[in-house]
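S.K.: based on what follows, work out the 3D shape:
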Amino acid sequence: MTKKGKISEIFSKAMFADETKEYKIFYRNFERIVETSLPEFLIESDNLQTIPISRIKKIKKNNTILFERKTSGVE
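M.R.: Numbering: from 1, shown residues only. Next up is the predicted model:
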């Protein structure tokens, strides 16, 4: 639950306080990781309807990692 809160907080700040194109979203799409900008991700995911938050692996702003899901080594 904390991860959803953290990601929601990042998205909210990006949408209302920052330049959204500076944010890169890395998400799992089957067996590969896809990188896209935040505006493109919101379009592709139909505003998080078709790509759930649980598939987001990393969020970066410029070169700073804001969120990264820890892998268990099982994947």
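S.K.: quick check: Ser45 vs Glu9, distance?
M.R.: 18 Å (CB to CB, to the nearest Å). Any C-beta I mention is one placed from the backbone N, CA and C, and that applies to glycine too.
S.K.: more crowded one of the two?
M.R.: Ser45 (18 against 12; other CB atoms under 10 Å).
S.K.: that one contacts Ser54, correct?
M.R.: No: contact criterion CB atoms under 8 Å: Ser45 and Ser54 do not qualify, at 11.9 Å.
S.K.: tell me which element the residue nearest the centre of the chain falls in.
M.R.: Geometric centre of the chain, nearest residue: Ile25, 4.0 Å, by CA atoms, centre = their mean. If you go by DSSP states H and E, Ile25 is part of strand 23-29.
S.K.: Ser8: neighbour count?
M.R.: Burial of Ser8, expressed as a neighbour count using other CB under 10 Å, amounts to 12.
S.K.: could you check how far the residue lying closest to Tyr23 once chain neighbours are set aside is from Asn47?
M.R.: Leaving aside its sequence neighbours, Tyr23 sits nearest to Leu38 (CB to CB, 6 or more residues apart in numbering; 3.9 Å). Distance, Leu38 to Asn47, using CB to CB: 12 Å.
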